[in-house]
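Chemist: Sequence and predicted structure below; questions after.
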Amino acid sequence: MKIIQKMKMNFNIWAILSFVFIILIILPNLNIIINLFSKPNENWFHIQEYLLQSYIVNTFLLILFTGLFTILVGTSLAWLISMYDFPFKNFFSWGLILPLAIPPYIAAYTYSGILNYTGVLQTFLRNTFEIQVNQKFFNIMSIQGAIFIFTMFLFPYVYTITRAFLAKQSASLIENARILGRSPLEIFIFVILPLSRAAIIGGASLVVLEVLNDYGVVSYFGIPTFSTAIFRTWFAMGDIDSAIKLSAILMFIVFLMLLVEKILRGRRKYSFTTSKIRPLTPIKLKGIKSLLAFSYSAIIFSLGFLIPTLQLFSWTLLTYETVLTRDFFTIIYNSLFVALIAATLILLAAIVIANFNRINEGAIAKFYSKVTTMGYSIPGAVIAIGVIVLFILLDNQLYWLYQMFDPEAKKLLLSTSLVMLIFAYTIRFLAIGYNSIDAGYEKVGKKFFEASRLLGFNITQTFFKVDLPMIKPAVVSGFILVFVDILKELPLTLILRPFNFDTLATKAYQYANDEMIHEAAVSSFIIILISAISIYVFNKALNKEAS
Amino acid sequence: MYVEINNLSFRYKNANEDTINNFNLSIEKGEIVSIFGESGSGKSTILRLISGLELPTNGSIMINGKKMVDETSFVMPENRGIGMVFQDYALFPHMTVKENVKFGLKNYSKNEKLSRVKEVLNMVDLEEFAERYPHELSGGQQQRVALARALAPNPSLLLLDEPFSNLDADLQIKIRGELRRIIKKTGITSIFVTHDREDSRAIADKIVILRKGIITKIGDPKEVFPNEPPVWC
Ligand SMILES: Nc1ncnc2c1ncn2[C@@H]1O[C@H](COP(=O)(O)OP(=O)(O)OP(=O)(O)O)[C@@H](O)[C@H]1O
Ligand SMILES: [Mg+2]
């Protein structure tokens, strides 16, 4: 009886829509997991025997070393910035987030352009000092090169999370350690690292997920990994069954990583136990120490942002006249259009699910929020395969319907349309929109919602009159984050875009792949500019909120 | 009886014993009832059950002959016609005082809305603050806006959750007299929750003492708190 009563109470448009969204997210992923157990074909045995091992080894090398190096760079910088005062510290404090504005695949071809025989560095050495360098040391197209690229452009994940954690840490712990006569380095190793373990691991796991998601860097550098393998089996060999199998293995690795994260993180979350939070008073560095701190920050900032951006800018100046054709404006339009549509849909879905979840706390809500945030952990190539399989299935099922409207309709309607790409974006980036909206609701709480209900408005009316105006900042920030991420996205777009549909990201990638690195600069520069601006705006808004 | 609550029981999802246990209460029309109990005794929970923000595990609630909840039926909170003054007021921060009070006047014409807003703001003596935002008001003023907002749609029952908990002692004594006057003037049936014995005695016609979700005493102030000097208000 109670169950029926409860169902009646909770049965509304929000519940129905949330349910539909969740099913849509689960379906393509389910497809992959189910197909893991289907019968393998000839090609699969070949892959298993000759290739699989190198995919696994390369993937693990990449995530292991990138993970380690980003932790090293990210935490050391977070520590410097939170504990000390040195010249330009305030600038570095947000400037060191900027490498995130440069997608690793763009960084990869930019660095390779800087370092190759005709690049600016070798040319300079040859012409000025008549030095002929050993090409071996200047070849970035290797696994070490990829680790360098990933580290330089992904470390801000570790840096921002750890810095935010340290900023909120109770200062007394660190000051106590100081009074007990520990040197700053000892404090770093024995106090800061263990204390911020959860934050560091959290940041590093984002880095690892990004590395697993990457397709651009590894394919440009020619490193066989799961992403490139999935692409190749699907595009070059047309073997979707094996592509699914590879995706399933990659998904398994992702879940393994998430499990490792959970274990490493321990029972500690990012939360702060003490009620009184007194911010750390930074120590003013003097002389050589101050110079060292400045130089370290400056070097990382230059490698991770300044140098590649300047290089891209100069290439842009070289080529913009030839690149900026009418076609190029179509590409800009495409990029903005698809990002706008997808970001709007994502925010709508995020709002619906988040609203449902906060009204119906409980097991279902927990499950929904898990599913919603899962998409961000699944590499683009895997989502792409799952979505393709689903859409081809749909097209087969709906063919009779297409024929009813148009007897000469083609069979593959949905699976050759933009719908498929937008659907895939939604699965992958829903987590970002959702987290933003969820945080917004968290901040507002439920009391205004309840007050409005008691004043005679139902859930939907309350949403438009009370909730939406109050979570508007969260909606706007969620939208910007998702929009920028879609603008930069590569693997999904490459696999799922309709024929002849180019975006800034795919165009940059194609130019670079065709050895037209200078031409690739224009679209890359636009992407970086938009991302950098959004990072700047966000950091400002965040600081304003904190003070 | 105007309000009939029978065998009401409730348990929060993650709690392991009943938060409210077999709660029974009847209220006559126009009566002011106070639920008195220490922190955590379940006072707010009872108001949430009456208003429909929570679904009881057991029991029934009737208001003015209408079934609000029992074993099989459930009236949504927005359809119960109950006004509530929240513990922390919950005034909409993005609306002015006037907009807050007007919010619940759903089926009124534009003119009716205006005159009703004026009327209730006048009643709580806040007419000149109509255009301010909640954060531009003092605690006592916010409390009166919350009262005005709850009264505006002429609810069949008014619930007040510790209406004085955010006020300092002087203001509390002043306002509680005023509150009784306003409520009695409108003739509205009310339940108000407090952990302050003086508040209870000053305002209520009937007092319910609650301990760990169970009623331990019920009756008029003199019965419930005998041997105490009368309160001044
Ligand atoms: N959402 C919730 N989930 C689980 N337990 C809750 C929840 N809200 C309240 N409780 C518990 O139910 C009990 C009664 O809470 P309630 O808020 O009704 O107390 P109260 O009498 O209003 O207290 P106070 O005077 O402090 O406002 C408490 O033990 C509280 O911890
Ligand atoms: Mg309470």
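Modeler: Happy to help now that I have it. Ligands and ions are numbered 1, 2, ... in the order given.
Chemist: Whatever residue of chain B ends up closest to chain A: what's its closest spatial neighbour, skipping adjacent residues?
Modeler: The nearest approach of chain B to chain A comes at B:Gly104, 3.4 Å away (CB to the nearest CB). Backbone N, C-alpha and C define where each C-beta goes, glycine included. Nearest non-adjacent residue to B:Gly104, counting by CB to CB, 6 or more residues apart in numbering or on different chains: A:Leu455, 3.4 Å away.
Chemist: ok, the one you found - contacts?
Modeler: Contacts for A:Leu455 (CB atoms under 8 Å, 6 or more residues apart in numbering or on different chains) come out as B:Glu78, B:Gly83, B:Phe103, B:Gly104, B:Arg149, B:Pro153.
Chemist: pretty sure the third one contacts B:Met95?
Modeler: By that I understand B:Phe103. Yes. Here B:Phe103 reaches B:Met95: they are 6.8 Å apart, a contact under CB atoms under 8 Å.
Chemist: ok, back up a step: what is the nearest of the contacts of A:Leu455 to ligand 1?
Modeler: The closest of the contacts of A:Leu455 to ligand 1 turns out to be B:Gly83 (CB to the nearest ligand atom; 18.2 Å).
Chemist: For the contacts of A:Leu455, which two are the farthest from each other?
Modeler: B:Glu78 and B:Arg149 (14.9 Å; CB to CB).
Chemist: out of these two, which sits in the more crowded spot?
Modeler: Between B:Glu78 and B:Arg149, counted using other CB atoms under 10 Å in any protein chain shown, the more crowded position is B:Arg149 (32 against 20).
Chemist: The helix or strand that one falls within and chain A in contact?
Modeler: Secondary structure assignment for B:Arg149, by DSSP states H and E: helix B:139-151. Yes. On the criterion CB under 8 Å from any CB of the partner chain, helix B:139-151 is in touch with chain A at B:Arg149, B:Ala150.
Chemist: Identify each buried residue in that helix, please.
Modeler: B:Gly140, B:Gln141, B:Gln142, B:Gln143, B:Arg144, B:Val145, B:Ala146, B:Leu147, B:Ala148, B:Arg149, B:Ala150, B:Leu151 (16 or more other CB atoms under 10 Å in any protein chain shown).
Chemist: cool, stretch A:385-398 as well?
Modeler: A:Ile385, A:Gly386, A:Val387, A:Ile388, A:Val389, A:Leu390, A:Phe391, A:Ile392, A:Leu394, A:Asp395.
Chemist: residue contacts, the closest residue to ligand 1 within the stretch 401-547 of chain A?
Modeler: Of all residues in the stretch 401-547 of chain A, the one sitting closest to ligand 1 is A:Lys446 (9.6 Å; CB to the nearest ligand atom). If a contact means CB under 8 Å, 6+ apart, then A:Lys446 has A:Arg358 as its contacts.
Chemist: Domain map for chain B?
Modeler: Per the record, chain B has its domains at B:1-79+B:156-163+B:190-233, B:82-154, by automatic domain parsing.
Chemist: do you know which of the ones you listed lies nearest A:Val482?
Modeler: Across these, closest to A:Val482 is domain B:82-154 (CB to CB), at 24.5 Å.
Chemist: roughly how far apart are A:Pro379 and A:Ile56?
Modeler: Applying CB to CB, to the nearest Å, the value for A:Pro379 to A:Ile56 is 14 Å.
Chemist: Give me the more crowded residue out of the two.
Modeler: More crowded of A:Pro379 and A:Ile56, by other CB under 10 Å: A:Pro379, with 27 against 15.
Chemist: Apart from its neighbours in sequence, what residue is nearest that one?
Modeler: A:Asn213 (4.4 Å).
Chemist: Tell me how many other residues crowd that neighbour.
Modeler: 24.
Chemist: Check A:Asn35 too.
Modeler: 18.
Chemist: check contacts around it.
Modeler: A:Asp241, A:Ile244, A:Lys245, A:Ala248, A:Val389.
Chemist: repeat for A:Gln5
Modeler: Contacts here follow CB under 8 Å, 6+ apart; on that basis A:Gln5 touches B:Leu55, B:Glu71, B:Thr72, B:Ser73, B:Phe74.
Chemist: Which of the helices or strands spans it?
Modeler: helix A:2-10.
Chemist: quick one on the thing from earlier: would you mind writing the CA trace of the helix holding B:Arg149 as CSV?
Modeler: Only the C-alpha atoms of helix B:139-151 are listed here, as CSV (Å, rounded to 0.1, in the frame of the first residue of the first chain):
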residue,chain,number,x,y,z
GLY,B,139,15.7,39.4,12.1
GLY,B,140,12.5,40.5,13.6
GLN,B,141,11.3,42.1,10.4
GLN,B,142,12.1,39.0,8.4
GLN,B,143,10.1,37.0,10.9
ARG,B,144,7.1,39.2,10.4
VAL,B,145,7.5,39.0,6.6
ALA,B,146,7.5,35.3,6.9
LEU,B,147,4.3,35.5,9.0
ALA,B,148,2.7,37.8,6.4
ARG,B,149,3.6,35.6,3.6
ALA,B,150,2.1,32.5,5.3
LEU,B,151,-1.1,34.4,6.2
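Chemist: Understood, closing this out.
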